[in-house]
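J.: this is a predicted model, with the sequence first.
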Amino acid sequence: MAEQPRPLGPLERQVLETLWAHGPLPVRGIILHLPAEYAYTTIATVLGNLKRKGCVDTVRRDRSTVYRPTSTPAEHDAAHMRGILAASADRSATILRFADSISPDDLALLRAHLGAAGADGDPTDTGPEAGS
């Protein structure tokens, strides 16, 4: 079973959203884009936590460390949804309750995506040429 993503605190989420919006940045670059003023050490600690959680990785650029997200926002949120399902005592009931609670537009999107599933059940397989 895949490891469940650990929940993010509000500042962790804000830092990750900054990286999604602005791309890879060093600590000082992240601080410049945050809506409030934070100490360098605070953001460095948050980034260390995000790295331990697998949400960011680092690359060296010149003499500084640059942080970048390891997933897109959609991938990150989907991983949390899978984690919730994995932890559910009744996975089927959770899925059905979720389907009953989403908007008609979201339900139509989900139906269209599932309807596009190929014969092998792969929803990313959208046609005969996809398997060639």
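T.: Yes, it's here. Keep in mind it's a predicted model, so treat the numbers as computed, not measured.
J.: low-confidence ranges, the protein, go.
T.: Applying pLDDT under 70 to the chain picks out residues 1-5, 118-132.
J.: which element is the residue nearest the centre of the chain on?
T.: Nearest residue to the geometric centre of the chain (CA atoms, centre = their mean): His76, 1.1 Å. Using DSSP states H and E, His76 sits in helix 73-87.
J.: could you list every helix and strand in contact with that helix?
T.: Counting contacts by 3 or more CB pairs under 8 Å, 6 or more residues apart in numbering; DSSP states H and E, helix 73-87 packs against helix 10-22, helix 91-101. Placement of C-beta: from N, CA and C, glycine included.
J.: pick the most buried one from those.
T.: A comparison of those by mean neighbour count, using mean count of other CB atoms under 10 Å, puts helix 10-22 on top with a mean of 17.
J.: just the C-alphas of the next helix-or-strand element following that one, formatted as CSV.
T.: Counting by DSSP H and E, the next helix or strand C-terminal to helix 10-22 is helix 27-33. Provided in CSV are the C-alpha atoms of helix 27-33 (Å, rounded to 0.1, in the frame of the first residue of the first chain):
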residue,chain,number,x,y,z
VAL,A,27,14.3,30.6,0.6
ARG,A,28,14.7,34.4,0.2
GLY,A,29,12.7,34.2,-3.1
ILE,A,30,9.8,32.4,-1.3
ILE,A,31,9.8,35.0,1.5
LEU,A,32,9.4,37.8,-1.0
HIS,A,33,6.2,36.1,-2.4
